[in-house]
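**Student:** Here is a sequence together with a model predicted from it:
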Amino acid sequence: MKKQTFLLSLLFCVTVLSLTLRAQGVWGSDYRQALEQASRENKDVLLDFTGSDWCPHCKTLVEKVFSQSAFQEFANKNLILVEVDFPESKIQSNALKKQNEELQSQYQVTGYPTLILLDPKGHEVKRSHGTSSPEGLIKWALDKP
C-alpha cells in the first residue's frame, strides 16, 4: 500500500512539474520534432547551442534572459525552443549526442552560446551569440532581414 501511495504521489509531482515547465517555455531537444511542430503551428524555431553545465555565458543567458517571464511569454506564443547541448557532466543518449554533433556541423557553430533562428520551414533566418536582456532577444527575434 505504501508503495502505491508513493508511486501515485510521484506521478502527480511529475505531471505538475511537466505542466509547469511547459507553461514556462520548455526547451526540447528533438530537432526534427521541433521542425514538424513549427510547421504545424507556423512558429519560428530557436536553436540554443550551449554548454549548459560549464559555459559561463550560457548560464548567464539562461539566468538573465530565458528564465524571465517576458521571454517565456514571447516564446510560448512565437517560438519552438530547442536546446542543442554539449555538456561536460550531464548524461545524454548516444542518439542525442549524434544529433547535436550533426547540427553543430550543419550550422557551423564554433562557440557557445550560439542562437540560431529558423523560420517555420526550417530555413536559417539569423544567428546571434546571445543577448543581455529578454527585451533584446525578443527584438532580435522579431527584426527579420
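**Tutor:** Here it is on my side, so go on.

**Student:** Tell me which helix or strand the residue nearest to residue 145 when sequence neighbours are not counted sits in.
**Tutor:** In this structure, residue 145 finds its nearest non-sequential neighbour in residue 126, 6.4 Å apart by C-beta to C-beta, 6 or more residues apart in numbering. For the C-beta atoms, the positions are set from N, CA and C on the backbone; glycine is no exception. According to DSSP states H and E, residue 126 maps onto strand 124-128.

**Student:** Sheet-wise, list the partners of that strand with their directions.
**Tutor:** If you go by DSSP bridges, strand 124-128 pairs up with strand 114-118 (antiparallel).

**Student:** hmm, who's touching the strand it pairs with?
**Tutor:** The contact list for strand 114-118 (C-beta atoms under 8 Å, 6 or more residues apart in numbering) reads 35, 38, 44-49, 107, 109, 124-130, 137, 140-141.

**Student:** Repeat the analysis, applying 7 Å as the threshold.
**Tutor:** 44-49, 107, 124-130, 141 (C-beta atoms under 7 Å, 6 or more residues apart in numbering).

**Student:** nearest to residue 28, of the residues you listed?
**Tutor:** residue 45 (9.8 Å; C-beta to C-beta).

**Student:** how close does the residue nearest to residue 145 get to residue 92?
**Tutor:** According to C-beta to C-beta, to the nearest Å, residue 126 stands 27 Å off from residue 92.

**Student:** With residue 27 instead?
**Tutor:** From residue 27 to residue 92 the distance is 14 Å (C-beta to C-beta).

**Student:** repeat for residue 136
**Tutor:** 30 Å.

**Student:** now do residue 33
**Tutor:** 16 Å.

**Student:** Please apply the same query to residue 122.
**Tutor:** 23 Å.

**Student:** And for residue 83?
**Tutor:** Applying C-beta to C-beta to residue 83 and residue 92 gives a distance of 11 Å.

**Student:** Who has more neighbours out of those two?
**Tutor:** Using other C-beta atoms under 10 Å, the more surrounded residue of residue 83 and residue 92 is residue 83, with 18 against 14.
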